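1. what would the 3D arrangement of this be:
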Amino acid sequence: MKSTRLKARLAGTAATVAVLGGAALATAPAAAAKANVISIDRVTLDGQQLSVHLGYSCDTGYTWGLTGKAVKTDGPAGPASSATGTVPAGALTCDYRTRALKLDLTPAAGAHFAAGDDVKVTVAFTEENGPGLEGEEIITTLQAPAPTR
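-> Numbers count the residues shown, from 1 in each chain. Sure, this is the predicted structure:
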């Protein structure tokens, strides 16, 4: 008789712990599960100004920056086929939320880009002292921005 009561109590305690643990997970903020991520939405070309439109999210307590690079994939490699840009470390808002950003890239001396060029674009997080986390890389075709009215 005593072993049945003990088993019932143990089963009841285990069920209570499982319910409370599940409730704690269900009420935890969804943002706590996020990581430091970058997603490139599109790359536009306005004249010779390349812009990477992206979303990013980073955990609180970090002072990340961003670095971006675009390189033509349909021509000879070299500085004349690239463009770079940065956001300084500490300039990003890291609060778990997904935020939008336009990163302007400056073409290297002698570089020329045109709508229709295929480019490989890489964007990554950086720290004050150099490289940070791997970001995202895509190959895309440059688009002229949509006309505004």
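
2. residue ranges for the strands of this protein, please.
-> Counting by DSSP state E, the chain has strands at residues 37-46, 49-57, 65-72, 82-87, 99-107, 118-127, 130-131, 136-141.

3. want to try TSV for the ones you listed, with mean neighbour count as columns?
-> C-beta: built from backbone N, CA, C; applies to glycine. Putting the strands of the chain into TSV (neighbours: other Cβ atoms under 10 Å) gives the following:
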stretch	mean neighbour count
strand 37-46	17
strand 49-57	20
strand 65-72	21
strand 82-87	19
strand 99-107	16
strand 118-127	19
strand 130-131	9
strand 136-141	14
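
4. lowest-confidence stretch among those?
-> Mean pLDDT is lowest for strand 130-131 among these, at a mean of 60.

5. okay, residue 135: pLDDT?
-> 82.

6. an error on my part: the question was meant for residue 10.
-> Reported pLDDT for residue 10: 58.

7. tell me which of the strands of the chain sits nearest to residue 93.
-> With distances scored as Cβ to Cβ, the stretch of the strands of the chain nearest to residue 93 is strand 99-107 (6.0 Å).

8. picking up where we left off before, of the strands of the chain, which is nearest residue 147?
-> For residue 147, the closest of the strands of the chain is strand 37-46, at 11.0 Å, according to Cβ to Cβ.

9. check which helices and strands the closest one is in contact with.
-> strand 49-57, strand 118-127, strand 136-141 (3 or more Cβ pairs under 8 Å, 6 or more residues apart in numbering; DSSP states H and E).

10. including distance to residue 93, could the strands of the chain go into CSV?
-> Formatted as CSV, the strands of the chain follow (distance: least, Cβ to Cβ, whole Å):
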stretch, distance to residue 93
strand 37-46, 14
strand 49-57, 9
strand 65-72, 12
strand 82-87, 11
strand 99-107, 6
strand 118-127, 13
strand 130-131, 21
strand 136-141, 19
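
11. any idea how many residues pack against residue 81?
-> By other Cβ atoms under 10 Å, 21 other residues sit near residue 81.

12. hey, what's the residue nearest to it when sequence neighbours are not counted bridged with?
-> Nearest residue to residue 81, sequence neighbours excluded (Cβ to Cβ, 6 or more residues apart in numbering): residue 72, at 3.9 Å. Beta-bridge pairing for residue 72 (DSSP bridges): residue 119.

13. ok, now which ones touch residue 72?
-> By Cβ atoms under 8 Å, 6 or more residues apart in numbering, the contact list for residue 72 reads 81-82, 113, 117-119.
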